[in-house]
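Student: Could you look at this predicted model? Sequence included:
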Amino acid sequence: MRLPIFSWTRTFAAIAALTVLGGCSSGSPAGEEPETNSALLAEYVALGDSFAAGPGIAPASMGDPCFRAAVNYPHLVAKNLGVKTFRDVTCSGARTENILTTPQTGRTAEATVPIQLDALTADTSLVTLTIGGNDAGLLTIANQCVNQRPEPDGESCRDRLTANGIDRGAQAVDAVGPPIADVLNAIHREAPHARVLITSYGLYTRDGGCPSQPVWPRDATYLQGLVDRLAALTRTAAAENHAEFVDLIGPGAGHDGCDTADNWVNGIVARRPQDGVVPLHPTGLGETNFARIIVEQLSRAAS
């Protein structure tokens with residue numbers, strides 16, 4: 001028996017029910033000096049998808065069409081820095097197009113979310129961004145890798161996606177490079193004085209997977225390899241487009257989705273639903289640590 005395919009619609013409904021109960025390059029265009037710590041306090045805008053929004057982590061804003069947690073990494077960064085103006089427009093399910101050109105449909109068809117770029121102003125001094133996973137279809141790929149029984153009773157997603165010498169997963173990831181560059185350039189146009197930080201996603205599993213997750217070992221390695229590939233692509237886009245890359249994969253060693261005590265992200269099966277119910281998304285502990293890593297990087301870069 002295979003696990004049910006992960007569905008944003010079903011998961012959002014579950015979240016809604018639960019919330020009722022309970023190196024770096026300069027962040028400014030070439031030739032300009034990076035902002036100082038004091039300048040960062042003026043206006044901070046957080047852009048991105050569910051990895052930044054933190055769906056399923058309590059406390060959440062009731063009625064929010066984007067399922068943002070009040071303790072996601074943007075909120076924690078803003079609190080730590082003591083920014084004067086803070087806007088969190090991260091939204092679960094967002095793609096690069098939802099930042100640039102296409103309003104997003106939220107909890108209901110009537111709950112249209114404006115493009116995220118609209119939140120930026122000429123006074124914006126800090127921007128954080130996590131994006132690209134939905135463009136690459138990583139959740140869809142991950143769901144294709146679920147196998148409840150050991151080999152050979154099932155099908156390897158890695159074998160299927162790399163058949164005939166063509167790595168379709170890698171192709172999907174690589175196609176995200178130009179849209180990410182477009183997003184970074186658009187941010188600079190709308191907020192020309194802002195420092196811009198773009199993060200990777202997380203460390204979801206260790207090499208060879210783990211017994212607690214229903215994914216064959218070689219498929220688990222393949223999945224994390226795609227996440228790592230997207231991180232490398234994002235790092236390159238940052239370096240080429242005057243942004244700072246924040247690695248959240250390396251620091252996540254020992255805190256992957258296999259662990260039950262202090263995991264920063266969930267695996268395909270959420271092990272501790274009291275700290276975040278959405279598969280393959282951050283836990284509350286993860287958002288806390290991602291905020292810490294971002295603030296530490298800001299401090300180092302501005303010193």
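Tutor: Happy to help now that I have it.
Student: separation between the residue positioned nearest the centre of the chain and Ser125?
Tutor: Centroid check for the chain by CA atoms, centre = their mean gives Phe51 as the closest residue, at 3.1 Å. Using CB to CB, to the nearest Å, Phe51 is found at 23 Å from Ser125. Heads up, the C-betas are built off the backbone N, CA and C, glycines and all.
Student: what mean pLDDT does stretch 68-75 have?
Tutor: For stretch 68-75, the mean pLDDT works out to 96.
Student: Residues in contact with it: which ones?
Tutor: With contact meaning CB atoms under 8 Å, 6 or more residues apart in numbering, stretch 68-75 is reached by 44, 46, 52-61, 86, 88, 90-92, 128, 282, 284, 287-288, 290-291, 294.
Student: try 6 Å
Tutor: With CB atoms under 6 Å, 6 or more residues apart in numbering as the test, stretch 68-75 has contacts from 46, 53-54, 57, 59-61, 88, 284, 287, 290-291.
Student: Local confidence estimate at Asp275?
Tutor: pLDDT recorded at Asp275 is 68.
Student: next one: Ala261
Tutor: If you check Ala261, the pLDDT there is 79.
Student: next one: Thr90
Tutor: On pLDDT, Thr90 comes in at 97.
Student: For it, pull up the helix or strand it's in.
Tutor: According to DSSP states H and E, Thr90 maps onto no helix or strand at all.
Student: I'd like to know how far it sits from Gln224.
Tutor: In terms of CB to CB, Thr90 sits 23 Å off from Gln224.
Student: now do Asp256
Tutor: Relative to Gln224, Asp256 is positioned 8 Å away (CB to CB).
Student: where does this protein have its least confident helix or strand?
Tutor: Least confident element among the helices and strands of the chain, by mean pLDDT, DSSP states H and E: helix 8-21 (a mean of 36).
Student: List the buried residues of stretch 243-251.
Tutor: 243-246, 248-249, 251 (16 or more other CB atoms under 10 Å).
Student: Pull up the distance across that stretch, start to finish.
Tutor: Using CA to CA, to the nearest Å, the end-to-end distance of stretch 243-251 comes to 20 Å.
Student: roughly how far is that stretch from the heart of the chain?
Tutor: On the basis of CA atoms, centre = their mean, to the nearest Å, stretch 243-251 sits 11 Å off its chain's mean C-alpha point.
Student: thinking again about what came up before, for Asp256 and Gln224, list the residues in contact with both.
Tutor: Thr205.
Student: and the helix ranked longest in the chain, what other elements does it pack with?
Tutor: Counting residues, the longest helix found in the chain (DSSP state H) is helix 217-240. Packed against helix 217-240 by the contact rule (3 or more CB pairs under 6 Å, 6 or more residues apart in numbering; DSSP states H and E) you find helix 157-161, helix 168-174, helix 177-190.
Student: List the contacts of the next helix or strand after the last one.
Tutor: Sequence-wise, the next helix or strand downstream of helix 177-190 (DSSP H and E) is strand 195-199. Applying CB under 6 Å, 6+ apart, the contact partners of strand 195-199 are 27, 34-35, 126-130, 187, 234, 238, 243-244, 246, 248.
Student: Please identify which of the helices and strands packed on helix 217-240 is closest to Asp228.
Tutor: Each of the helices and strands packed on helix 217-240 was scored for nearness to Asp228 using CB to CB, and the closest is helix 168-174 (9.6 Å).
Student: where exactly do the helices run in this protein?
Tutor: Going by DSSP H, the chain shows helices at 8-21, 37-40, 50-53, 73-81, 96-100, 133-136, 138-143, 157-161, 168-174, 177-190, 217-240, 284-302.
Student: Deepest in the core, which of the ones you listed is it.
Tutor: helix 50-53 (a mean of 28; mean count of other CB atoms under 10 Å).
Student: Just give me how far it sits from the chain centre.
Tutor: Mean C-alpha position of helix 50-53 versus that of the full chain (CA atoms, centre = their mean) differs by 5 Å.
Student: Can you name the residues in contact with it?
Tutor: With contacts defined as CB under 6 Å, 6+ apart, helix 50-53 is touched by 66, 68, 72, 90, 92, 130, 201, 281.
Student: Thank you, goodbye.
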